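Q: Just the structure for this:
(one chain, ligands or ions: 1)
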Amino acid sequence: MNRPIAPSPIAATTVEVNGRSYAAPKRPTVVIIVDGFDPAYLEHGIANGTLPTMKSFRENGFAAIADCSMPSTTNTNNTSIVTGVPPAIHGINGNYYLDSETGEEIMITDAKRLRCGTILGALSRAGVKTAVVTAKDKLLKVLAYEMEGISFSSEYAGKASLKENGIENVEKLVGRPTPDQYSADLSLFVFDAGVKLLATVRPDVMYLSTSDYVQHKHAPGEPEADAYHQAVDKTVAALVALGATVAITADHGMNDKSASDGTPNVVYLEDELNSRFGAGAVRVICPIADPFVRHHGALGSFVRVHLLKAGGDVQAMMAFARTLPGVELVLDKQQVCKQFELPVDREGDFAVFSDRQTVVGARREDHNLSQLAGHRLRSHGGLGEQKVPFLLSRPINAEYQRRAKAGPLHNYDIFDFALNGVE
Ligand SMILES: [Zn+2]
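A: The predicted model follows:
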């Protein structure tokens, strides 16, 4: 039949975004962010046979371990991934921040702090058919920033409209009602929607982002964690069967932060600093804080310390913070921004990282741990959660193999690898 195929205008499209260029894909490409997918889940699932599709990527496609952006939190990393650049450029350095001008503490639920465009937005405006499905609605405004196409959250699936979301009747498409906000199904709904969209609308580029509800509760090896990741793996197989190139990474890893008796290892840093340097000396901001997530008590392994009074001794406070058990790294504003590519104008006076077994918080009264409801505290935010899987369903070319080997490889390189590096 050898009929010549007319060159597609999409295939010739390349967009420039934040200093990097991205080619429109030759075949549908799906980038999946498995929220909280610590490499330990991947290793465990490959070993016990529950992740056969991801195992096949390691054998026939590409598999590596990448670094996520710091702090290892959800908004920061989803933003890095859709923009292809670190927080120093895109501006989103956490879920929660202290506005230095007003003194107000603000939760990020929109794109106001975003300082650059996204890969998805640029591709969509160049005529590439794009779709974004996310578990949590608060991420949607950043993920679908200036993007023409389909975008909705499973949290508000029932409210999706053609005008706002480029799609309606999502519950009918997926075949079930909008899931509970606090459930594994909030994420599984994203995957089912992705498979349905690929089979019907067939976007050229699709971004699927989940929630870490399961990973906060269940360690690798627990049946609930196995069942969830196995369902993820089956979705990935379905996407591959529909002809897609599939790329998988995570926003951050996840670690157990409790002592052997099950109680959380917490440093209440604001209490410690204010009792040493005087009441009201500092305010500690936890960029992991998220009222939509009730199972980590706003406790993670990275905080920003803001001095509230003129003349405070930053060096003395940093030296004191270093002596606290479970604290592994303390850096001043300039150091932390240089080392982790963070925006200086949005940093605290100094930053404190706790180790893999420990979380760091503000005041005892800021953290409600009753909501753990008997579970061990599992969380993220620090250096112990910086490593994430980086998987592609297809092999990559020699140039990208060389780049991956030379490093550093970041989770925000995933679009570059999926769109430019796949053979
Ligand atoms: Zn996350």
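
Q: Any idea how many residues pack against the closest residue to the ion within the stretch 51-200 of the chain?
A: Proximity to the ion, evaluated over the stretch 51-200 of the chain using C-beta to the ion, is greatest for Thr74 at 3.3 Å. Heads up, the C-betas are built off the backbone N, CA and C, glycines and all. Applying the criterion other C-beta atoms under 10 Å, we find 28 residues in the vicinity of Thr74.

Q: Could I get the phi/psi values of it?
A: Its backbone dihedrals place Thr74 at phi -70, psi -50, with angles given as degrees, to the nearest 10.

Q: Could you check the pLDDT of the closest residue to it other than its chain neighbours?
A: Distances taken as C-beta to C-beta, 6 or more residues apart in numbering put Asp251 closest to Thr74, at 5.0 Å, once the chain neighbours are dropped. Among the per-residue scores, Asp251 shows a pLDDT of 98.

Q: Could you list the low-pLDDT ranges of the stretch 201-350 of the chain?
A: Counting by pLDDT under 70, the stretch 201-350 of the chain contains low-confidence residues at 291-296.

Q: List, one by one, the residues from it near the ion.
A: By the criterion of C-beta under 5 Å from the ion, the positions of the stretch 201-350 of the chain lying close to the ion are Asp212, Asp251.

Q: residue ranges of the strands in the stretch 201-350 of the chain, please?
A: Remark: strands of the stretch 201-350 of the chain, listed N- to C-terminal, are 205-209, 245-249, 255-256, 266-268, 282-285, 302-307, 327-332, 350-354; assignment by DSSP state E, counting those that start in this stretch.

Q: who wins for proximity to Ile150 among the ones you listed?
A: When these are ranked by distance to Ile150, counting by C-beta to C-beta, first place goes to strand 205-209 at 8.6 Å.

Q: Is Ser100 part of a helix or strand, or is it coil?
A: Ser100 falls in the coil class when you classify it by DSSP: H, G, I helix; E, B strand; the rest coil.

Q: what sits against it?
A: The neighbourhood of Ser100, defined by C-beta atoms under 8 Å, 6 or more residues apart in numbering, consists of His306.

Q: I'd like the distance between it and Ile285.
A: 11 Å (C-beta to C-beta, to the nearest Å).

Q: Repeat that for Glu148.
A: 35 Å.

Q: before we move on, what about Asp185?
A: Using C-beta to C-beta, we find Asp185 at a distance of 32 Å from Ile285.

Q: Repeat that for Val174.
A: Counting by C-beta to C-beta, the separation of Val174 from Ile285 is 37 Å.

Q: thinking again about what came up before, who touches both of Ser100 and Ile285?
A: Looking at what touches both Ser100 and Ile285 (by C-beta under 8 Å, 6+ apart), the common residues are His306.

Q: Who are the contact partners of Val15?
A: Residues Ser21, Tyr22, Ala24, Ile119, Ala122, Leu123, Ala126 are the ones in contact with Val15 under the rule C-beta under 8 Å, 6+ apart.

Q: just the buried members of these?
A: Listed as buried from these are Tyr22, Ala24, Ile119, Ala122, Leu123; burial here means 16 or more other C-beta atoms under 10 Å.

Q: and the residue of the stretch 301-423 of the chain found nearest the ion, how many residues sit next to it?
A: Taking C-beta to the ion, the ion has its nearest neighbour within the stretch 301-423 of the chain at His380, 6.8 Å off. As a burial measure, His380 scores 33 neighbours (other C-beta under 10 Å).

Q: Next, count neighbours for the residue lying closest to it once chain neighbours are set aside.
A: Across the structure, with C-beta to C-beta, 6+ apart as the measure, the residue nearest His380 apart from its sequence neighbours is His252 (4.5 Å). Residues near His252, counting by other C-beta under 10 Å, number 31.

Q: I'd say His252 and Ser72 touch.
A: Yes: between His252 and Ser72 there is a contact at 3.6 Å, judged by C-beta atoms under 8 Å.

Q: any shared contact partners between these two?
A: In contact with both His252 and Ser72: His380, Gly381, Glu385, Gln386, using C-beta under 8 Å, 6+ apart.

Q: Of Glu148 and Ile285, which one has the most company?
A: The neighbour count for Glu148 versus Ile285, taken as other C-beta under 10 Å, is higher for Ile285 (19 against 16).

Q: right, and the more buried one touches Glu347 too?
A: No: proximity of Ile285 to Glu347 does not meet the contact threshold set by C-beta under 8 Å, at 10.4 Å.

Q: Mind putting the buried ones among the contacts of Val15 into a markdown table with distance to Thr50, pLDDT and secondary structure?
A: Converted to a markdown table, the buried ones among the contacts of Val15 look like this (distance: C-beta to C-beta, whole Å; pLDDT from 0 to 100; DSSP: H, G, I helix; E, B strand; the rest coil):
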| residue | distance to Thr50 | pLDDT | secondary structure |
| --- | --- | --- | --- |
| Tyr22 | 33 | 98 | strand |
| Ala24 | 34 | 95 | coil |
| Ile119 | 31 | 98 | helix |
| Ala122 | 37 | 97 | helix |
| Leu123 | 33 | 97 | helix |
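
Q: Since that was my last question, I'll sign off now.
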